[in-house]
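> Requesting a structural model of the entry that follows:
(chains A and B)
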2 protein chains.
Amino acid sequence: IREDEFDAFRDEFLELHPYDQAAFFMEQPEEVRFRIYTFLSPEEMADIMENIDLEDIEPFVTEMDPRFAAMSVSEMSTDDAVDILNELDKDVVVSFLTMMDDEAADEVKELLHYEEKTAGSIMTTEYVAIYKTETVINTLRQLRKDAPDAETIYYLYVIDVDKRLVGVLSLRDLIIADDNVLISDVMSEKIVSVSVAEDQEDVAQMMRDYDFLAVPVVDFQHHLLGIITVDDIMDVMDEEASEDYSKLAGVSEMDRPNDSAFISARKRLPWLVILLFLGMLTASLIGRFEETLNQVAVLAIFIPLIAGMGGNTGTQALAVAVRGIATGDYGKQGKAKLVFREAATGLINGLVCGVLITIVIYLWKGEFFLGLLVGLSILATLIVATLAGALVPIIMDKFNIDPAVASGPFITTINDIISILIYFGMANAFMNFLL
Amino acid sequence: IREDEFDAFRDEFLELHPYDQAAFFMEQPEEVRFRIYTFLSPEEMADIMENIDLEDIEPFVTEMDPRFAAMSVSEMSTDDAVDILNELDKDVVVSFLTMMDDEAADEVKELLHYEEKTAGSIMTTEYVAIYKTETVINTLRQLRKDAPDAETIYYLYVIDVDKRLVGVLSLRDLIIADDNVLISDVMSEKIVSVSVAEDQEDVAQMMRDYDFLAVPVVDFQHHLLGIITVDDIMDVMDEEASEDYSKLAGVSEMDRPNDSAFISARKRLPWLVILLFLGMLTASLIGRFEETLNQVAVLAIFIPLIAGMGGNTGTQALAVAVRGIATGDYGKQGKAKLVFREAATGLINGLVCGVLITIVIYLWKGEFFLGLLVGLSILATLIVATLAGALVPIIMDKFNIDPAVASGPFITTINDIISILIYFGMANAFMNFLL
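Below is the predicted model:
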């Protein structure tokens, strides 16, 4: 881009949606990015920064002139500013806070306290609060003034003199109402609010169930602290879904398009190394049955079949239990019911698969007892593996550990071990029939 | 609930948020439900029905008096009504459509054509369209009249005389604007719209990226057909996330709290039976190496280790590729890059795990060549398994099959087979050193 084309380029660039601006910006080489910094206002830069994924933002923020960066952060909505600052080093944050404009810095400081993944950490303080004693027409006038700064004006939160939340009014109802009515007469007193300490996943679940566009956040004395808007909730839903999915697959964090192979490998190696050692444990278990194997070598060929069935059944049960706990569909009694159902499901699946495999092996090898041994092992494995898959996340949840941590590979390997113990244990018991 | 307490109960019940009404309603036994039908208006029933999960709704709709049910469906927003009708049998739908009020029935019939999971199938026709030639004050007046029926009034879609979409105006901007300005002067002409045939997942992705509360749906001549609102998008996101998660775990559909063990078993058995036969294939492959196993029985003890590593690495690569394709983060060139990176990632992980296992087996068993055999097998398995995990979804996507169909258990079992071929192939080559 040449110097003389700058104005035209700037105009065209700013015509784009900030999301597209951000996408374009990130693709540019360093020297073009530095040019872009020179011709954007902090406010325009703030729009772009709000649309860059948090994982990618740190290098951009640190390469800018610090004063420009701090001013841009001041212009962002408070919740997004806090998210960005959370990505930076502690001392960088402190220097940013001193360079930011005072009002924005104060709002940000307040939010920085809240623990990650709570309602407090995703709320914004740019909401519109109105007083219950005002008239509709005055409130509409106030709104015309406040609207440009607020994150949403579609829900208006009604407070009393102590800043306690007493009602809510949608912009829609405000517009329909007659001009001279009091807010207290048209507001709804059935307010659903969340506490600052509430888990962000629970907030997302609630907003989805109740179809809210925004929800107020209050402290334990019901003072209005902020609001959470639906666009932030969509990000939370996406983040939580990705997280559950990654954990089921045994990846600590999803790869990003620009990750190098080394970064990819580092994200997956921890699980692989743990599994390698668990696998060694399995190997040493089988090693104890070397004598049995020497006598009946044919036993070896069914090891992957049985271990695989155990692993897969366990993963199925795990997925059902993790989702069930996450969506809160199973209450306290529900969990006991879930465990019983899983046991019964394992029994049914075990019977079907066990009978099937007994017949297939008999037809294939002509050996009934070998078939029966494998069939019975499958039956026992499927019951135990299904139970293990359901119980592990339930127990973890009981101890307040996120059940999604019980990832697929872990359950799979545990069930490998269980299934092999069952298989060789039975083989030893059946030995007389097999020889 | 006794007869004389009915009025009090009714008032209290209707005070609840419709989501809570629905939750209460579903827990009631049949006779209480029939009582509830008698004291609710179709409009009140519609609110409840909009808040019942689609999977659960069929029995309730069919147990009601058909005329009451049809009237309730008439009162629902069009998109939700269509969703419910899609759950019912064809002939029930036809009889419902004749009993519904004409206007609602026409709107519903229009939407019933659209293919499932497209923008057309989730859009609603209850939007507010305004004319570009109107003034702000007249539009505000019109809005006060239309607001109660519209699904959202926070975005106003501006059309010309041919009903072509020419602009958009947020309620926020309308309120800030001066009374006598023309709509065409304050509207934005940068309209982002989606086509009726667009995949619902792509619409969700877009609304999340651009932070929209609603998006207009147009036909190929840019006529405005409907809008999609963010509350429906949250349901889509949840549905798609659940689907990907289920497929990774090999469950055709997530269990619901009230499913019996038979229903649970039926949802999981298809995969288990397929895996059983794939497992038999693995077994017969190992069977071909029975000679090798008879000579070196110790080989058997590392089968689960190698197969497990292959399966888990494949699942990791699969998850990364499926998510990457779903989020559209990888373009056309990106996919080639992804495959190269996965190959390199497999190589790095294979080297680390391979060297590690060689050393461990040497220290444990004192057998260097056995360790080297297992180590080299792990190296080769991890490279091939990582590549397979990434390639399968990419190829499926190329043929327009949803890549998430390549579920975890499938990749795991394929990689079991590959890894065993590698392991015994190498064992045969190394045989002289092992004996």
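> Is stretch A:349-369 positioned near chain B?
Yes. Counting by Cβ under 8 Å from any Cβ of the partner chain, chain B is contacted by stretch A:349-369 at A:Asn349, A:Val352, A:Cys353, A:Leu356, A:Ile357, A:Val360, A:Trp364. Placement of C-beta: from N, CA and C, glycine included.
> ok, now which ones touch the fourth one?
Same thing as A:Leu356. By Cβ atoms under 8 Å, 6 or more residues apart in numbering or on different chains, A:Leu356 lies in contact with A:Gly375, B:Val273, B:Leu276.
> same thing but 10 Å
A:Leu356 sits next to A:Gly375, A:Ile378, B:Leu272, B:Val273, B:Leu276, B:Phe277, B:Met280 when contact means Cβ atoms under 10 Å, 6 or more residues apart in numbering or on different chains.
> Which element is encountered next along the chain beyond the helix or strand containing it?
Using DSSP states H and E, A:Leu356 sits in helix A:332-365. Counting by DSSP H and E, the element after helix A:332-365 in chain order, helix or strand, is helix A:368-398.
> Would you write a PyMOL line that selects the buried entries of the contacts of A:Leu356?
Entered in PyMOL, the line below selects the buried ones among these, by 16 or more other Cβ atoms under 10 Å in any protein chain shown:
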select buried, (chain A and resi 375+378) or (chain B and resi 272+276+280)
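> List the ones among the contacts of A:Leu356 that fall in helices.
Cross-referencing the contacts of A:Leu356 against helices under DSSP state H gives A:Gly375, A:Ile378, B:Leu272, B:Val273, B:Leu276, B:Phe277, B:Met280.
> how much space between A:Val360 and A:Phe368?
A:Val360 sits 12 Å away from A:Phe368 when distances are taken as Cβ to Cβ, to the nearest Å.
> again with A:Thr98
82 Å.
> Neighbour count for the two, which is higher?
Between A:Thr98 and A:Phe368, counting by other Cβ atoms under 10 Å in any protein chain shown, A:Phe368 is the more crowded of the two (13 against 9).
> who's in contact with the closest residue to that one other than its chain neighbours?
Leaving aside its sequence neighbours, A:Phe368 sits nearest to A:Tyr362 (Cβ to Cβ, 6 or more residues apart in numbering or on different chains; 5.1 Å). Shown in contact with A:Tyr362 (Cβ under 10 Å, 6+ apart): A:Phe368, A:Phe369, A:Leu370, A:Gly371, A:Leu372, A:Gly375.
> And A:Gln221, its phi and psi?
phi -100, psi 10 (degrees, to the nearest 10).
> residues in contact with it?
Listed by Cβ under 10 Å, 6+ apart, the contact partners of A:Gln221 are A:Asp162, A:Lys163, A:Arg164.
> thinking again about what came up before, report the angle between the helix holding A:Leu356 and helix A:368-398.
160 degrees (axes from the mean of the first three to the mean of the last three Cα atoms, to 10 degrees).
> Any buried residues in helix A:332-365, and which?
Applying 16+ other Cβ under 10 Å to helix A:332-365 flags A:334-335, A:338-339, A:341-354, A:356-358, A:360-362 as buried.
> Repeat that for stretch A:193-202.
Neighbour counts over stretch A:193-202 (16+ other Cβ under 10 Å) mark A:Ser193, A:Val194, A:Val196, A:Glu198, A:Gln200, A:Glu201 as buried.
> so how far is the stretch of helix or strand A:Asn138 belongs to off the chain centroid?
Taking DSSP H and E as the criterion, the element that holds A:Asn138 is helix A:136-146. The chain centre lies 38 Å from the centre of helix A:136-146; the measure is Cα atoms, centre = their mean, to the nearest Å.
> who does the helix or strand following it touch, helix- and strand-wise?
The helix or strand immediately downstream of helix A:136-146 is strand A:155-159, counting by DSSP H and E. Where contact means 3 or more Cβ pairs under 10 Å, 6 or more residues apart in numbering or on different chains; DSSP states H and E, strand A:155-159 is packed against strand A:129-131, helix A:136-146, strand A:165-170, helix A:171-176, helix A:183-186, strand A:214-218, strand A:224-229.
> any low-confidence regions in the stretch 301-435 of chain A?
Counting by pLDDT under 70, the stretch 301-435 of chain A shows low-confidence ranges at A:328-333, A:403-407, A:434-435.
> go with 90
For the stretch 301-435 of chain A, the stretches with pLDDT under 90 are A:301-305, A:307-342, A:364-370, A:389-418, A:420-421, A:424-435.
> And the ones in helices among the contacts of A:Leu356, which is closest to A:Ala265?
Proximity of the ones in helices among the contacts of A:Leu356 to A:Ala265 (Cβ to Cβ) peaks at B:Leu272, which lies at 32.4 Å.
> right, and the closest one touches A:Leu351 too?
No. B:Leu272 lies out of contact with A:Leu351 (Cβ atoms under 10 Å); the separation is 11.6 Å.
> how close does A:Met99 sit to A:Ser41?
For A:Met99, the distance to A:Ser41 (Cβ to Cβ) stands at 16 Å.
> what's the straight distance from one end of stretch A:166-181 to the other?
Stretch A:166-181 stretches 17 Å from its first residue to its last (Cα to Cα, to the nearest Å).
> List the buried residues in that stretch.
A:Val166, A:Gly167, A:Val168, A:Leu169, A:Ser170, A:Leu171, A:Arg172, A:Asp173, A:Leu174, A:Ile175, A:Ile176, A:Ala177.
> so what's the last one up against?
Remark: with contacts taken as Cβ under 10 Å, 6+ apart, A:Ala177 is in contact with A:Thr135, A:Val136, A:Ile137, A:Thr139, A:Leu140, A:Leu169, A:Ile183, A:Asp185, A:Val186, A:Met187, B:Arg144.
> Let's have the buried residues of stretch A:166-181 in TSV, adding pLDDT.
Conversion of the buried residues of stretch A:166-181 to TSV gives the following (pLDDT from 0 to 100):
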residue	pLDDT
A:Val166	93
A:Gly167	91
A:Val168	91
A:Leu169	90
A:Ser170	86
A:Leu171	85
A:Arg172	82
A:Asp173	85
A:Leu174	86
A:Ile175	82
A:Ile176	82
A:Ala177	85
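> Skipping adjacent residues, who's closest to A:Phe430 in space?
Leaving aside its sequence neighbours, A:Phe430 sits nearest to A:Leu373 (Cβ to Cβ, 6+ apart; 5.1 Å).
> That neighbour - how many residues pack around it?
A:Leu373 has 24 neighbours, counted by other Cβ under 10 Å.
> follow-up on the earlier one: need the overlap of contacts for B:Leu272 and A:Leu351.
By Cβ under 10 Å, 6+ apart, the residues touching both B:Leu272 and A:Leu351 are A:Ile378, A:Leu382, B:Ala265.
> Can you add distance to A:Ser121 and give the residues you listed back as CSV?
Listed next are the shared contacts of B:Leu272 and A:Leu351 as CSV, based on distance: Cβ to Cβ, whole Å:
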residue, distance to A:Ser121
A:Ile378, 47
A:Leu382, 42
B:Ala265, 42
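> Identify, from these, the entry nearest to B:Ile422.
Closest to B:Ile422, out of all of those and judged by Cβ to Cβ, is A:Ile378, at 25.8 Å.
> In contact with the nearest residue to that closest one once chain neighbours are set aside, which residues are there?
Distance criterion Cβ to Cβ, 6+ apart; nearest residue to A:Ile378, sequence neighbours excluded, is A:Gly354 at 4.6 Å. With contacts defined as Cβ under 10 Å, 6+ apart, A:Gly354 is in contact with A:309, A:371-372, A:374-382, B:276.
> hmm, 6 Å instead?
Under the criterion of Cβ atoms under 6 Å, 6 or more residues apart in numbering or on different chains, the neighbours of A:Gly354 are A:Gly375, A:Ile378, A:Leu379.
> so which of the contacts of A:Gln221 comes closest to A:Ala150?
Each of the contacts of A:Gln221 was scored against A:Ala150 by Cβ to Cβ, and A:Lys163 proved nearest at 16.7 Å.
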